[in-house]
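Participant: Here is my input, please return the structure:
(chains A and B)
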Number of protein chains: 2
Amino acid sequence: MIAPALRERFAAIVGPANALSPEAAGAQYLREPRDLFQGVAGLVLRPRSTEEVAAIVRLASQTGTPIVPQGGNTGLVGGQQPRSKGEILLSLSRLNAVRELDRVGRTMTVDAGAVLQTIQEAADDAGLFFPLSLGAKGTCQIGGNLSSNAGGTGALAYGTARDMCLGIEAVLPNGEIIHGLRRLKKDNRGYDLRNLLIGAEGTLGVITGAVLKLFPKPRGREVAYAGLKKAADMTALLGVAERHAGTNLTGFEFLSRAGMEMTLRHTQGARDPLDAAHEWYVLIEVTSQRSSQDARETLEALLTDALESGFVDDAVIAQSQAQAEAFWTLREEMSWAQKPEGGSIKHDVSVPVATVPDFLVKASEAVLAAMPDARIVPFGHLGDGNVHYNISQPVGADTAAFLARWDEISHLVHAVVRDFDGSFSAEHGIGVLKAKELAETKAGAEYAAMVAIKTALDPNNIMNPGKLIQI
Amino acid sequence: MIAPALRERFAAIVGPANALSPEAAGAQYLREPRDLFQGVAGLVLRPRSTEEVAAIVRLASQTGTPIVPQGGNTGLVGGQQPRSKGEILLSLSRLNAVRELDRVGRTMTVDAGAVLQTIQEAADDAGLFFPLSLGAKGTCQIGGNLSSNAGGTGALAYGTARDMCLGIEAVLPNGEIIHGLRRLKKDNRGYDLRNLLIGAEGTLGVITGAVLKLFPKPRGREVAYAGLKKAADMTALLGVAERHAGTNLTGFEFLSRAGMEMTLRHTQGARDPLDAAHEWYVLIEVTSQRSSQDARETLEALLTDALESGFVDDAVIAQSQAQAEAFWTLREEMSWAQKPEGGSIKHDVSVPVATVPDFLVKASEAVLAAMPDARIVPFGHLGDGNVHYNISQPVGADTAAFLARWDEISHLVHAVVRDFDGSFSAEHGIGVLKAKELAETKAGAEYAAMVAIKTALDPNNIMNPGKLIQI
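Facilitator: Residues are numbered from 1 along each chain as shown, chains lettered A, B, ... in the order given. Reported below is the predicted structural model:
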């Protein structure tokens, strides 16, 4: 519980209209996309400036009041949800301006609460390109993207959110502001606080602003859809694609036949671009700084090479922008197409790129040994070694009984991930969902160093307590 | 002083042949390239394994013995030099293996003591490319490159050392080993310890190994040399170059007429590629994943565009590999060509790319007001906003008297850098040379956070004490 007198002091910082009771704030703030975590808070604050955020955190620090920062509330591991009446939900939604755009230096300075799609559009309007993109782009905010080091489909060519950020402004757990909105491509003045706060899921402070890197807008973009015989051909095809397209290879996504069938069944208007069925499908996107023609020639050359080498069974290049989008839809609807099939046990893992095919075999053996009728639906960002290793319930099975085996099945999958020196959290983060597993599996020296840093910067443990790290 | 009994205990870890007195170790370890810092040590240790490094640091931690890690000893700010008989110089030179190369995942796992050029060659032998490159490449070691987050000419397209590293192995100040040699492109498991250790100049631990990103080897590489009328044309030309070449723009370096003259005077065989004299020179490199022809077409198109727009006065494209190298030599010899001209007061600064021309004007005004005959020789990585703002002594002046004004002149230049929200250490780091200035100029909240992190991870302050951070 937050005592009424203290509530008044917090409310005075943002004004009464922006200090909401949890009941008034409602589902927009306190329910999250998968309904796995029901938020419980004592107060919801909506500051409109970095100074207000600093004043809130300062008061929280003095009074030992826990703060849970929240952006667009689209996180998948519960990191943005408060869990008790004693906690304050700090929404960054009103801090949503694009502060500055530098065309020559190709940077954009934004508030943390700016919506990702707004940022993409502002870059586009300036004749530039911001490549971070994910399903939630219309709702998620850049502060959350940075705090969770979001990945997405652009990571292959441009890296994760971390790689697209030159500087940040943040409020530390003591309420002091770090003024790090630097537009510098090289700056070696001491420890990398920026990358420490990026990916820290709000446990080391609140990101309030960022300088983002923008990129030249590609003039051409061509997309192909390829069918393959076996998983090993996917990495062979990746090698061919990289040799031909180099840094112009901007998409290399995969899905299995089972996933393709689900997508075709449940996505309105979806059509299989290929005549026959294939075990595996790869979506390839090539861009060009020069022209569509240039991108197309590269894509044709790489497919010819791959067909001759036998890595590809059949392939088709999109003949229009609309068809290119239809190809992407087949991949992007994969997340939703699993829902009508019943329960789904989900994993967000990564392994070294070269080992993805072996990983798929071993993980499948482990899962099917425990649950012979399970339907395995792996898909994801093959070029990043990032597999969404999802498992749909057996046809006709009881959903609750299936989901009750989540921990058992996850344990099996993550054990295989460990055998491949992989990560059980590739791009979604730790939050609440995986905090226990992080504590149990991260090597002692590394976890101890993380605890030491957390304790040094947040001695009262007020910043998003219990998320990511357990102390 | 290190007591004889303690010396024996350290020597026992590496064996007597690899525990050297400073006298036996000599200049290779205790003098650095600019002769600004004369190293003083009590003992030089040369471990051959990560376990030996860990044993050394453990003993150092127990006994409060300061450790100064050293790679190829090419650093320019004194970070790698011990400063008292009580300190141990820890050389990583014998830890120099290329441990593993993954062609499909495009990664190379190396020991920290591997020489940069060896790494470049190993990548090349595998048909791949490692883009980090700097003048000292034949001597510097990757551990030092990472600890100082080296920049160099490849940063424009590929980023700094930080951006080329997927994982590190390191020994923390308590002697524990972080086993972080991960080949994962996405891994969101907690705080970014890798980037914290990268750029920490050995003050938070000793990097002992790294997983490096490799890139597809470009099939074509074309270089042009352009003469420009005014500084503002350089950023206009950069815009044109980026629009045409996008991520295939792999070099954009600049020098002034004064610098060009010095290079021509003092570099054997150097010739001016252009007929007339120009105020500014830009070297442009474009690569292509497809062919030399492709790179050439892009380069021709961008130069045509720039000539028509009036941003370029004259330009020439190298007609052979040898000529391309000659163009690069004109830029690379800039560092050495200043030596025969007498004393040189050097700055390694960065400002937002768009503001480089304005910065050059303001800095020049400030310096010339204080020293009207000074010869200003700015050059560097324009595409990164990174200017080596060097000042040669007036012709005929007394060198010692000129160099005695280093602090005064630096103060003026760095004040202008601050006006542009720039950095007084773009790519060379802090070390000893700039530790005081960092403490004085870094905002309080940021510096305090750095001190808190240092204190948390190295409570006895044994790791490279007095470098980077002052506690």
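Participant: so where do the helices sit in the stretch 301-450 of chain A?
Facilitator: A:321-332, A:334-337, A:356-370, A:399-403, A:406-419, A:435-441, A:444-457 (DSSP state H, counting those that start in this stretch).
Participant: Those helices: which one's closest to chain B?
Facilitator: helix A:444-457 (3.6 Å; CB to the nearest CB). C-beta here means a position set from N, CA and C on the backbone, and glycine is covered the same way.
Participant: Show me which positions of that closest one end up buried.
Facilitator: A:445-454, A:456-457 (16 or more other CB atoms under 10 Å in any protein chain shown).
Participant: same check, this time on stretch A:68-81
Facilitator: Buried residues in stretch A:68-81, counting neighbours by 16+ other CB under 10 Å, are found at A:68-81.
Participant: quick one on the thing from earlier: adding mean pLDDT and distance to residue A:171, write the helices of the stretch 301-450 of chain A out as TSV.
Facilitator: As requested, the helices of the stretch 301-450 of chain A are exported to TSV (pLDDT from 0 to 100; distance: least, CB to CB, whole Å):
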stretch	mean pLDDT	distance to residue A:171
helix A:321-332	94	35
helix A:334-337	88	33
helix A:356-370	98	40
helix A:399-403	96	39
helix A:406-419	97	35
helix A:435-441	94	23
helix A:444-457	97	12
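Participant: got TSV for those, with distance to residue B:138 too?
Facilitator: Output for the helices of the stretch 301-450 of chain A, formatted as TSV (distance: least, CB to CB, whole Å):
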stretch	distance to residue B:138
helix A:321-332	46
helix A:334-337	49
helix A:356-370	37
helix A:399-403	59
helix A:406-419	40
helix A:435-441	41
helix A:444-457	34
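Participant: Need the ones you listed in TSV (columns: distance to chain B).
Facilitator: Shown next, in TSV, are the helices of the stretch 301-450 of chain A (distance: least, CB to the nearest CB, whole Å):
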stretch	distance to chain B
helix A:321-332	17
helix A:334-337	17
helix A:356-370	9
helix A:399-403	24
helix A:406-419	10
helix A:435-441	6
helix A:444-457	4
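Participant: low pLDDT regions in the stretch 201-350 of chain A?
Facilitator: For the stretch 201-350 of chain A, no stretch has pLDDT under 70.
Participant: what does it have sitting close to chain B?
Facilitator: Residues of the stretch 201-350 of chain A found near chain B (CB under 8 Å from any CB of the partner chain) are A:204, A:215-216, A:218, A:235, A:238-239, A:242-248, A:289-290, A:298, A:350.
Participant: Which ones among the residues you listed map onto helices?
Facilitator: A:235, A:238-239, A:242-245, A:298 (DSSP state H).
Participant: Domains in chain A, by residue range?
Facilitator: A:4-91, A:98-216, A:220-335, A:340-419, A:434-471 (automatic domain parsing).
Participant: residues contacting the most centrally placed residue in chain A?
Facilitator: What sits nearest the mean C-alpha location of chain A, by CA atoms, centre = their mean, is residue A:150, with 3.5 Å. By CB atoms under 8 Å, 6 or more residues apart in numbering or on different chains, the contact list for residue A:150 reads A:132, A:134, A:140, A:144, A:160-161, A:427.
Participant: Which single one of those is nearest to residue B:50?
Facilitator: Comparing the contacts of residue A:150 against residue B:50 with CB to CB places residue A:160 closest, at 28.0 Å.
Participant: how many neighbours does the closest one have?
Facilitator: Applying other CB atoms under 10 Å in any protein chain shown, we find 27 residues neighbouring residue A:160.
Participant: Leaving out sequence neighbours, find the closest residue to it.
Facilitator: Nearest non-adjacent residue to residue A:160, counting by CB to CB, 6 or more residues apart in numbering or on different chains: residue A:151, 4.8 Å away.
Participant: From residue A:323, how far out is whatever residue of the stretch 251-400 of chain A ends up closest to chain B?
Facilitator: Going by CB to the nearest CB, chain B is nearest to residue A:289 of the stretch 251-400 of chain A, at 3.1 Å. Applying CB to CB, to the nearest Å, the value for residue A:289 to residue A:323 is 23 Å.
Participant: And these two? Which one has more around it.
Facilitator: residue A:289 (23 against 16).
Participant: how about the nearest residue to that one, chain neighbours excluded?
Facilitator: Counting by CB to CB, 6+ apart, the residue nearest residue A:289 is residue B:246, at 3.1 Å.
Participant: Could you do residue A:145 as well?
Facilitator: Nearest one to residue A:145, counting by CB to CB, 6+ apart, is residue A:161 at 4.7 Å.
Participant: Next, the contact list for that neighbour, please.
Facilitator: A:132, A:145-146, A:148-151, A:198.
Participant: Neighbour count says what about these? Which are buried?
Facilitator: A:132, A:145-146, A:148-151, A:198.
Participant: quick one: the closest residue to residue A:357 other than its chain neighbours and chain B, what's the gap?
Facilitator: Using CB to CB, 6+ apart and skipping residues adjacent in sequence, the residue nearest residue A:357 is residue A:231, 3.8 Å away. Relative to chain B, residue A:231 is positioned 13 Å away (CB to the nearest CB, to the nearest Å).
Participant: Distance check, residue A:231 against residue A:393.
Facilitator: 23 Å.
Participant: One more: residue A:96?
Facilitator: Counting by CB to CB, the gap between residue A:96 and residue A:393 amounts to 40 Å.
Participant: Looking at these two, which is more packed in?
Facilitator: A direct count of neighbours by other CB under 10 Å for residue A:96 and residue A:393 places residue A:393 higher, at 23 against 18.
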